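Student: Let's see this in three dimensions:
(2 chains)
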Number of protein chains: 2
Amino acid sequence: MMRAACVIGLGSMGYGAAISLLRAGFDVRGVDRNSVALERFRAAGGTTAATPAEGVRGAETAFIFVVDANQTDEVLFGASGAAPALAPGSIVVACATVPPAFVEKLAQRLAEMNILMLDAPVSGGSAKAAAGEMTIMAAGAAEAFSKAEPFLRAIASKVYRLGDMPGAGSRVKMINQLLAGAHIAAAAEAMALGLKLGLDPHQLYEVIANSAGSSWMFQNRVPHILAGDYTPRSAIDIFVKDLGIVLEAGEALDFPVPIAEAAHRQFAAASAKGLGREDDAAVIKVYAEAAQVDLPPRRAG
Amino acid sequence: MMRAACVIGLGSMGYGAAISLLRAGFDVRGVDRNSVALERFRAAGGTTAATPAEGVRGAETAFIFVVDANQTDEVLFGASGAAPALAPGSIVVACATVPPAFVEKLAQRLAEMNILMLDAPVSGGSAKAAAGEMTIMAAGAAEAFSKAEPFLRAIASKVYRLGDMPGAGSRVKMINQLLAGAHIAAAAEAMALGLKLGLDPHQLYEVIANSAGSSWMFQNRVPHILAGDYTPRSAIDIFVKDLGIVLEAGEALDFPVPIAEAAHRQFAAASAKGLGREDDAAVIKVYAEAAQVDLPPRRAG
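Tutor: Below is the predicted model of the structure:
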């Protein structure tokens, strides 16, 4: 009998994890509220279930690839939630970017039900996810790691083990998101100012990408701006949420985070303009509108 | 007879340019206010002069490697300045990071004296400079480029030609500095928050350096923090100045630069604490003091 895993949330990262698990030979059940996502996974050879509770029945491991803490709570403990349906000794791998304090409480709550948990936010983007090459920033008990290992190996090329206390994975991910969000907003500010100054944006990109001002996000997102293509790979609202988590942590610790705050304001302004579901590079539209800058038009495909 | 160049300003970048020109076989005169810098250059086989006017006599090209616009003005037009001593048809290569409007006026002023000019800010750090491998972001007339070419080839591995109008080089450099400064401040904010959260800073560095939150500056400067080593490779006050240029440009264009502003405030706060001449990574001390975070101690050499 094949070992079974359930993937709850078939967005870009969850779908990539689910097909990577399929490829590795596991019995994989996909769960999502969106029927198009379910259809796509069935077309790829997967099995789907109508609710988290059905999806996890008989599964050793449940991967939670939903968007945030509220949804994580809902799919585990809401109506037809997964937690009561999981067998004792099974594992929840919590992959959403959530506040560290939330995931600590979640681990306790699951432990009371004899369910193991890995605090395991992911990174890498949809292409790497589909290739089974995401990066996982994981923390949890040694037993959880060893039971989850064959599943993790199928979806990730890199698993950072950040200790045995849930929370450390989400803390490291939060720091990554602080930087990622700040770098996208800075890239938008820089490219828009360059346009305002009359510089050629393609030449500007080429110089900066090879200079000390470069970042992973600059190299990844500015091409979207140059192509005028704001199809969401990762949306504005993700950074409204993730930088919001940073701001909450800063407030709770009385720790000033002025760069994260400035970046959060730009993403929030973009969302308020109705751009929340566009690609996060669309934060440049906030600058373009404020300063009457013409952005590169959509390049013909 | 060897072709002669003069390098005014023998700091880390200017010294690197001067010894690279020497290595390439040029007759190089170094000028600096600092006698230690002059002595170092003489020990490396160079000739020195007491004033810019003396240094440029007979030189085809004068490289200006001073810190800012005021010093650039002073070494060219002040007492014993270089401009009146340069032969018609010779070239000034202006390498300091200065406001684009300043360098445009400078080019006009020199043109009236029949002196060519390249607007040519540099990047790459002292190690690359010493190896003759800096990056130059240059703009100026074709004639200036062709006359300067053998000298530029001796000091740079990459020369971006950004058009024939002086100002474009300084505009691109300004955008680079916006990003570089924002990324250093963001790196400091991220590492300090990670420490406050109890994360191991070495592990945090390792994860982020391999994730989407990475930047050229994160990878270059965070090791200084981990080693507790704030010996200046590039000082806090450089970014007080360079981000100040960005803020001025934003104000002049009515263009909002909130990320640059937030970063500038952190560098200015560091300078106000007396850290202006420390390495720019010392901006983390502003966070550490505000939030009672212990930074990694100085690692024994």
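Student: what's the offset of the helix or strand harbouring residue A:39 from the middle of its chain?
Tutor: Residue A:39 is part of helix A:35-43, with elements assigned from DSSP states H and E. The chain centre lies 20 Å from the centre of helix A:35-43; the measure is C-alpha atoms, centre = their mean, to the nearest Å.
Student: Contacts for that helix next, please.
Tutor: If you take C-beta atoms under 8 Å, 6 or more residues apart in numbering or on different chains as the criterion, helix A:35-43 is touched by A:10-11, A:15, A:18-19, A:30, A:32, A:48. In this view, the C-beta of every residue, glycine as well, is placed from N, C-alpha and C.
Student: Now the helix or strand containing residue A:261 - C-alpha only, PDB.
Tutor: Here residue A:261 sits within helix A:258-270, counting by DSSP H and E. The C-alpha coordinates for helix A:258-270 follow below in PDB (Å, rounded to 0.1, in the frame of the first residue of the first chain):
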ATOM      1  CA  PRO A 258      11.100  51.700   9.900                       C
ATOM      2  CA  ILE A 259      12.200  50.100   6.600                       C
ATOM      3  CA  ALA A 260       9.500  47.400   6.900                       C
ATOM      4  CA  GLU A 261       7.000  50.100   7.800                       C
ATOM      5  CA  ALA A 262       7.800  52.200   4.800                       C
ATOM      6  CA  ALA A 263       7.600  49.200   2.500                       C
ATOM      7  CA  HIS A 264       4.300  48.000   4.100                       C
ATOM      8  CA  ARG A 265       2.800  51.500   3.500                       C
ATOM      9  CA  GLN A 266       3.500  51.200  -0.200                       C
ATOM     10  CA  PHE A 267       2.000  47.700  -0.500                       C
ATOM     11  CA  ALA A 268      -1.000  48.800   1.500                       C
ATOM     12  CA  ALA A 269      -1.400  51.900  -0.800                       C
ATOM     13  CA  ALA A 270      -1.300  49.600  -3.800                       C
END
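Student: okay, the angle between that helix and helix B:258-270?
Tutor: Angle, helix A:258-270 to helix B:258-270, by axes from the mean of the first three to the mean of the last three C-alpha atoms, to 10 degrees: 160 degrees.
Student: returning to what we had before: pLDDT on the helix holding residue A:39, on average?
Tutor: Regarding helix A:35-43, the rounded mean pLDDT is 97.
Student: now do stretch A:49-62
Tutor: Stretch A:49-62 comes out with an average pLDDT of 97.
Student: May I have the distance across that stretch, first residue to last?
Tutor: Distance between the two ends of stretch A:49-62: 13 Å, counting by C-alpha to C-alpha, to the nearest Å.
Student: Any residue of the helix or strand bottoming out on mean pLDDT in chain A touching chain B?
Tutor: Lowest on mean pLDDT, DSSP states H and E among the helices and strands of chain A sits helix A:125-130, with a mean of 91. Yes - counting by C-beta under 8 Å from any C-beta of the partner chain, chain B is contacted by helix A:125-130 at residue A:125.
Student: Which of the helices or strands spans residue A:164?
Tutor: Using DSSP H and E, residue A:164 is not contained in any helix or strand.
Student: I should have written residue A:53 there, sorry.
Tutor: Per DSSP H and E: helix A:52-56 holds residue A:53.
Student: Over to residue A:172?
Tutor: Using DSSP H and E, residue A:172 sits in helix A:168-196.
Student: how near is residue A:70 to chain B?
Tutor: Remark: distance between residue A:70 and chain B (C-beta to the nearest C-beta, to the nearest Å) = 23 Å.
Student: That residue in helix, strand or coil?
Tutor: Under DSSP: H, G, I helix; E, B strand; the rest coil, the three-state class of residue A:70 is helix.
Student: show me what contacts it?
Tutor: Applying C-beta under 8 Å, 6+ apart to residue A:70 gives no contacts.
Student: Repeat that for residue A:47.
Tutor: Applying C-beta under 8 Å, 6+ apart to residue A:47 gives the contacts A:27-30.
Student: give me the beta-bridge partners of it?
Tutor: Residue A:47 forms beta bridges with residue A:29, as assigned by DSSP bridges.
Student: What distance do you get for it to residue A:131?
Tutor: Using C-beta to C-beta, to the nearest Å, residue A:47 is found at 22 Å from residue A:131.
Student: Which of the contacts of helix A:35-43 are buried, as a PyMOL select command?
Tutor: Only the buried members of the contacts of helix A:35-43 enter the following PyMOL selection, criterion being 16 or more other C-beta atoms under 10 Å in any protein chain shown:
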select buried, chain A and resi 10+15+18+19+30+32+48
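Student: hang on, the earlier thing: does chain B sit close to the helix holding residue A:172?
Tutor: Yes - Helix A:168-196 lies within reach of chain B by C-beta under 8 Å from any C-beta, at A:168, A:171-172, A:174-180, A:182-183, A:185-187, A:189-190, A:192-194, A:196.
Student: residue ranges for the helices of chain A, please.
Tutor: With helices called from DSSP state H, chain A shows them at A:12-23, A:35-43, A:52-56, A:69-77, A:100-111, A:125-130, A:142-155, A:168-196, A:201-209, A:216-226, A:236-253, A:258-270, A:284-290.
Student: so which of those comes closest to residue B:241?
Tutor: Residue B:241 lies closest, by C-beta to C-beta, to one member of those: helix A:168-196, at 17.5 Å.
Student: tilt between that closest one and helix B:236-253?
Tutor: Using the same axes, to 10 degrees: helix A:168-196 against helix B:236-253 is 50 degrees.
Student: Report the angle between helix A:168-196 and helix A:216-226.
Tutor: Going by the same axes, to 10 degrees, helix A:168-196 is angled at 40 degrees with respect to helix A:216-226.
Student: and helix A:168-196, how far from the chain's centre?
Tutor: Counting by C-alpha atoms, centre = their mean, helix A:168-196 is centred 15 Å from the centre of its parent chain.
Student: which residues touch residue A:143?
Tutor: Residues in contact with residue A:143 (C-beta under 8 Å, 6+ apart) are residue A:116.
Student: what about it, distance to residue A:109?
Tutor: Applying C-beta to C-beta, the value for residue A:143 to residue A:109 is 18 Å.
Student: what does the stretch 51-200 of chain A put close to chain B?
Tutor: A:100, A:123-125, A:135, A:137, A:158, A:160, A:162, A:168, A:171-172, A:174-180, A:182-183, A:185-187, A:189-190, A:192-194, A:196-199.
Student: beta partners of the closest residue to chain B within the stretch 1-150 of chain A?
Tutor: Ranked by C-beta to the nearest C-beta, the top residue of the stretch 1-150 of chain A for proximity to chain B is residue A:123, at 5.1 Å. Beta bridges link residue A:123 to residue A:135 when assigned by DSSP bridges.
Student: So it sits against residue A:176, correct?
Tutor: Yes - applying C-beta atoms under 8 Å as the test, residue A:123 and residue A:176 come out as touching, 6.3 Å apart.
Student: which residues are common contacts for those two?
Tutor: Common neighbours of residue A:123 and residue A:176 (criterion: C-beta under 8 Å, 6+ apart): A:137, B:211-212.
Student: Quick check: which of the helices of chain A is buried the most?
Tutor: Most buried of the helices of chain A, by mean neighbour count (mean count of other C-beta atoms under 10 Å in any protein chain shown): helix A:168-196, with a mean of 28.
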